[in-house]
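*Asks:* Turn this into a structure:
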Amino acid sequence: MSLQTQPASQFEIESQREQGGVGDAAAAYWERIKGGDLGALPAVLGCVVLAVVFGVLEPDSFLTENNFANLLNQGAAIMVLAMGLVFVLLLGEIDLSAGFTAGTGAAILAVTLTTHGWAWPLAVLAALATGVAIGFTIALLVARLGIPSFVVSLAYFLGLQGGMLLIIGEGGTIPIRNDAILTVMNKNMPVWLGWVFALVVIAAFALATFMAIQRRRRAGLSASALSVWALKVGALAVVVLVVVYLLNQERQRANAPIVIQGVPWVVPLVTALVVGLSFMLMRTAFGRHVYAVGGNAEAARRAGINVANIKTYCFILGSTLAIVAGILLASRDNSVSPTTGGAQTLLYAVGAAVIGGTSLFGGRGKIYDAVTGGLVVAIIANGLPLVTQKSGVQFIINGLVLLLAASVDAVSRRRAAATGR
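*Replies:* Okay, here's the model as predicted:
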């Protein structure tokens, strides 16, 4: 007597396509780590360790709501600049001019606002157009003529520094008095709006990730278990709600006439950039082509990808985001000087991208790497002056952190090659 096989139900089919639960997801993540795919793990661990160290050494000054808000403001411009560099680094290229591109955009913004009296939207558009032009000309030399990006961007590094001096004047400073520009880095959202923003972020993440799981199931592909999805949503909710709670606390000293509380306006701006740029890299053909070119440019060319165009778009995106970072710097400082975007700005941005998990060799990295790495850089820049006033010690520690990040990148890449990942 033969047994008839009963057709599987839709639920059973979907269950087979669904990956294991939390335990299986943790095991798979551990396998990726052993294979060299560390992702943002070093940056997250770095944030935790540094916060603990500085919190123990300077609890009265570092572990305060006011310093937490200052830390976010200090890191915002570096994060945005690093986002632009992620596109360039994914190609295996470098843009040494990004810092002074930011400064040039800030200088054009200041001149058009203060000297010529333009409306702030026109001044911002003029600055952004400058970023597009800078990125396009760099790309022409790199992608079309084949000049190494190191040489081209170094030349722009020097040239843009000179251009800033011509725009602003030797040793000059141009104040920023426009309320709309200054609000971005110096004002906070109302407390109620901060909570609304938190709920929108959590709900949007939950909905987007749930719909992605459903799409994969309908396509017959493996998808994360709902328990894993719920854990991720819960973890994000805890982080977001704690951050908003801390920022909504009164940050002014007792008996002060001014009330300072709320989420800084720059936070939703950075969040919007992370979401939009991440979608561009992870969910579009352009993003897939960027990873393909960074992984193997010749193979990408033979697959029909226009490598020169991809490089052009990435350099334009990098320079345009550098302009956005320059606007944030001008807003934070309430002015623009010949040093805006200079000093360690570029090194901090490159360090943020690499520390976050973007590879210097191309082909690996995500936009949120700039955020996690930027937090590490911001914590160091914020906490070190509280511990020591010696500039020499600060420079040495910053250099060691960047060297450590590059070493982790090299080791993880070698490990990934050895395991065939």
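*Asks:* Stretch 211-225: how far from the chain's middle?
*Replies:* Relative to the centre of its chain, stretch 211-225 is centred 28 Å away, using CA atoms, centre = their mean, to the nearest Å.
*Asks:* Over to stretch 273-286?
*Replies:* 12 Å.
*Asks:* do the same with stretch 51-63
*Replies:* In terms of CA atoms, centre = their mean, the gap separating the centre of stretch 51-63 from the centre of its chain is 25 Å.
*Asks:* Quick check: buried residues in it?
*Replies:* For stretch 51-63, burial by neighbour count (16 or more other CB atoms under 10 Å) applies to Ala51, Phe54, Glu58, Ser61, Phe62. Quick note: C-beta positions are derived from backbone N, CA and C, even for glycine.
*Asks:* isn't the first one right up against Ala378?
*Replies:* When you say that, I think you mean Ala51. No - in this structure Ala51 lies outside contact range of Ala378 using CB atoms under 8 Å: 11.0 Å.
*Asks:* Just the closest of the buried residues of stretch 51-63 to Gly363, please.
*Replies:* The closest of the buried residues of stretch 51-63 to Gly363 turns out to be Ala51 (CB to CB; 31.0 Å).
*Asks:* Setting the sequence-adjacent residues aside, check what's closest to the closest one.
*Replies:* Distances taken as CB to CB, 6 or more residues apart in numbering place Ile379 nearest to Ala51, at 6.3 Å, with adjacent residues excluded.
*Asks:* Next one: the one you found from Gly55, what distance?
*Replies:* Here Ile379 is placed at a distance of 10 Å from Gly55 (CB to CB, to the nearest Å).
*Asks:* next one: Trp30
*Replies:* Going from Trp30 to Gly55 by CB to CB gives 29 Å.
*Asks:* what do you get for Val293?
*Replies:* 42 Å.
*Asks:* Leaving aside the residues adjacent along the chain, what's closest to Gly75?
*Replies:* Take Gly75 and drop its neighbours on the chain: the residue closest to it by CB to CB, 6+ apart is Ala378, 3.0 Å away.
*Asks:* At which residues are the strands of this protein located?
*Replies:* Per DSSP state E, the chain carries strands over the ranges 174-175, 335-336.
*Asks:* The nearest residue to Asn309 once chain neighbours are set aside: neighbour count?
*Replies:* Closest residue in space to Asn309, ignoring its immediate chain neighbours: Ala143 at 7.9 Å, by CB to CB, 6+ apart. Using other CB atoms under 10 Å, Ala143 has 22 neighbouring residues.
*Asks:* any idea of the pLDDT on Ala143?
*Replies:* Looking at Ala143, its pLDDT stands at 91.
*Asks:* I'd say it and Tyr313 touch.
*Replies:* No - using CB under 8 Å, Ala143 makes no contact with Tyr313, being 9.8 Å away.
*Asks:* returning to what we had before: can I get the buried residues of stretch 51-63 in TSV with pLDDT and distance to Arg302?
*Replies:* Shown next, in TSV, are those (pLDDT from 0 to 100; distance: CB to CB, whole Å):
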residue	pLDDT	distance to Arg302
Ala51	86	47
Phe54	85	50
Glu58	83	56
Ser61	81	57
Phe62	82	53
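*Asks:* Point to the residue nearest the middle of this protein.
*Replies:* Geometric centre of the chain, nearest residue: Ala370, 2.7 Å, by CA atoms, centre = their mean.
*Asks:* residue contacts, the closest residue to that one other than its chain neighbours?
*Replies:* Spatial nearest neighbour of Ala370, chain neighbours left out: Ala82 (3.6 Å); criterion: CB to CB, 6+ apart. For Ala82, the contact set (CB atoms under 8 Å, 6 or more residues apart in numbering) comprises Ala349, Val350, Ala352, Ala353, Gly356, Asp369, Ala370, Gly373, Gly374.
*Asks:* now those residues in TSV, with pLDDT?
*Replies:* Converted to TSV, these look like this (pLDDT from 0 to 100):
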residue	pLDDT
Ala349	90
Val350	88
Ala352	88
Ala353	89
Gly356	84
Asp369	86
Ala370	90
Gly373	88
Gly374	89
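*Asks:* Pick the one among those closest to Val411.
*Replies:* Nearest to Val411 among those: Gly356, at 16.2 Å, using CB to CB.
*Asks:* neighbours around the closest one, how many?
*Replies:* Residues lying near Gly356 (other CB under 10 Å) number 30.
*Asks:* these two touch, right, it and Thr372?
*Replies:* Yes - applying CB under 8 Å as the test, Gly356 and Thr372 come out as touching, 4.5 Å apart.
*Asks:* residues near Val151, how many?
*Replies:* Neighbour number of Val151 under other CB under 10 Å is 12.
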